[in-house]
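# test case, fold it:
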Amino acid sequence: MKERLDKWISSQTALSRKEAQKAIRDKRVTVAGEVCRTVDTKVDTDADAVTLDGKPIAYQKHVYYMMYKPEGVVSATEDKVEKTVMDILPKELVRDGLFPAGRLDKDTTGLLILTDDGDYAHRMLSPKKHVDKVYLASLDKEPDESIPTAFAAGITLSDGTACKPGQAVCLGNHMVRVTISEGKYHQVKRMFAALGYRVTALKREQIGALMLDEGLAIGETRPMSGEEAQKVFENQPLFG
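Residues are numbered from 1 along each chain as shown. Here you go, the predicted model:
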């Protein structure tokens, strides 16, 4: 497939389209071993070797990143008031069209996927796919034994919204691990509120069979392989 050089560089690097054009005009880009100064040169993304400042640009149709989302940032590409997950992304990982696949509340931490693959995000978020999400919730008081039963039966929220059955395991010390396959607004918090509990902290640990890499520090992001990214569609039995 052939594509304009400036557009292609922008899609594969942290450079904006304008910055890519300047890099080309400044003789910083080569195509098939030859310096190129024409921004609208067409490159074959499957065959042409392109370098920027002497370093090869490896073609990737889509990228998939795992972020350990911290508190205090919103899951959006931009926000006029709040800091977003894009604002804390390392510059070398920035890419045209990148967005968070799904949302975590501002005060929720844990596993967040960022990608430029719209089809992938749609599949992951589609209710028809029943992709499980696992959360670790801290409550304002010790949970009682009725919680697992209530989650298994399906909880009705205060506004009358009925949630699909989920799973809950009480871990002690005010902690409950919850598995749901939906993504309603503030769902986990509202489910516990319907049972008389307040969630004081919430962390997403897993999506499908993809687990948060605990080797990441809070706020860090790393690339995932395509194979690793596909684990979100492999729902695993989480509780025996």
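
# use CA for all of it now, contacts and neighbours both
OK.

# the longest strand belonging to the chain pairs with which strands, parallel or anti?
The longest strand of the chain (DSSP state E) is strand 199-207. Strand 199-207 pairs in its sheet with strand 109-115 (parallel), strand 133-139 (antiparallel), strand 210-211 (antiparallel), by DSSP bridges.

# quick one: closest of these to Val29.
Minimum separation from Val29 across the strands paired with strand 199-207 (C-alpha to C-alpha) falls at strand 109-115, 25.9 Å.

# output that closest one as PDB, restricted to C-alpha atoms.
Output of strand 109-115 as PDB, limited to C-alpha atoms (Å, rounded to 0.1, in the frame of the first residue of the first chain):
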ATOM      1  CA  THR A 109      -6.500   3.100  38.900                       C
ATOM      2  CA  GLY A 110      -5.200   0.000  37.000                       C
ATOM      3  CA  LEU A 111      -5.300  -1.500  33.600                       C
ATOM      4  CA  LEU A 112      -6.100   0.800  30.700                       C
ATOM      5  CA  ILE A 113      -5.500  -0.100  27.000                       C
ATOM      6  CA  LEU A 114      -4.600   2.600  24.500                       C
ATOM      7  CA  THR A 115      -4.700   1.900  20.800                       C
END
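
# from the contact counts, what lies against the very next helix or strand once past it?
As assigned by DSSP states H and E, the chain's next helix or strand after strand 109-115 is helix 118-125. Contact here means 3 or more C-alpha pairs under 8 Å, 6 or more residues apart in numbering; DSSP states H and E; on that basis helix 118-125 packs against strand 99-101.

# the strand it packs on pairs with which strands, and in what direction?
By DSSP bridges, strand 99-101 pairs with strand 109-115 (antiparallel).

# rounded mean pLDDT for the strand it pairs with, please.
The average pLDDT for strand 109-115 rounds to 98.

# now the angle from that strand to helix 118-125?
Inter-element angle recorded for strand 109-115 and helix 118-125: 150 degrees (by axes from the mean of the first three to the mean of the last three C-alpha atoms, to 10 degrees).

# contacts for strand 109-115, please.
Residues from elsewhere that reach strand 109-115, judged by C-alpha atoms under 8 Å, 6 or more residues apart in numbering: 62-71, 98-104, 121, 202-207, 211-212, 218.

# can you flag the buried ones in those residues?
Neighbour-count burial (16 or more other C-alpha atoms under 10 Å) applied to those gives 62-71, 98-101, 103-104, 121, 202-207, 211-212.

# quick one, domains of the protein?
The chain breaks down by automatic domain parsing into domains covering 2-56, 64-127+209-233, 132-207.

# quick check: end-to-end length of the last one?
With C-alpha to C-alpha, to the nearest Å as the measure, the first residue of domain 132-207 is 6 Å from its last.

# what is the mean pLDDT for that domain?
96.

# what's the spacing between that domain and its chain's center?
Centroid separation for domain 132-207 versus its chain: 21 Å, with C-alpha atoms, centre = their mean, to the nearest Å.
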